[in-house]
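Participant: I would like to see how this sequence folds:
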Amino acid sequence: MMAPRQRLIVGISGASGAIYGIRALELARAAGVETHLVVSQAALLTLHQELGLQKPDLAGLADVLHPAQDVGAAIASGSFRTAGMLIAPCSVRTMSEIATGVTASLMSRAADVVLKERRRLVLMLRETPLHLGHLRSMTALTEAGAVIMPPVPAFYAKPASIDEMVSHSCARALDLFGLETGALRRWTGLKDALAEPAP
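Facilitator: Purely as a prediction, here's the structure:
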């Protein structure tokens, strides 16, 4: 009997950086993961502005595309087993809803379910600078078990393009779910960086 495919919920909220959600879906699909996508109304505007994508373009990116207001969707229940949820990018509004338990949409409800079931929730927060309210929300979420992971470029990997930076950040996020994408250039230690400089 074959083991069931891993399931991952992916949320795309309205923060800048819609490419992170798209790339995460592409990497997860290549890794053989079953993806369940929920996209906020604000994210649809960002997807169009930044990438020229419309809602119909998203259907082929995930195994299931859930309407943002469908709080009766499978991913709104803890009995629907998943590896967890990645929100990429994650807006401050979405983060704040999750932190306060105000599940006003399917995205925040699904994230709330992931937390209550003690599954992995990763938020690729896209906001800067941060005020005290943001930091307190991040603290509350971390205490509840979430992982706050802003998409910070890893320059040690010597990326040759923005595309490589995006792929690396998304691969690192998926790594937190134990998903091997093959897109991550892993650190193997310093090579000659510590060698004595030439006279």
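Participant: Mind listing what's buried along the least confident helix or strand in the chain by mean pLDDT?
Facilitator: Lowest by mean pLDDT, DSSP states H and E among the helices and strands of the chain is helix 55-58, with a mean of 92. Residues of helix 55-58 classed as buried: Leu58 (neighbour count, 16 or more other CB atoms under 10 Å). Every C-beta, even on glycine, is put in place using the N, C-alpha and C of the backbone.
Participant: buried ones in stretch 179-187?
Facilitator: Neighbour count says stretch 179-187 has Leu179, Thr181, Ala183, Leu184 buried, by 16+ other CB under 10 Å.
Participant: sorry, back to before: on contacts alone, who are the packing partners of the least confident helix or strand of the chain?
Facilitator: Counting contacts by 3 or more CB pairs under 8 Å, 6 or more residues apart in numbering; DSSP states H and E, helix 55-58 is packed against strand 34-39, helix 41-51.
Participant: Output it as PDB - backbone C-alpha positions only.
Facilitator: Presented in PDB, the C-alpha positions along helix 55-58 are these (Å, rounded to 0.1, in the frame of the first residue of the first chain):
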ATOM      1  CA  LYS A  55      -7.600  34.400 -10.700                       C
ATOM      2  CA  PRO A  56      -8.000  31.800 -13.500                       C
ATOM      3  CA  ASP A  57      -4.200  31.600 -13.800                       C
ATOM      4  CA  LEU A  58      -4.000  30.200 -10.300                       C
END
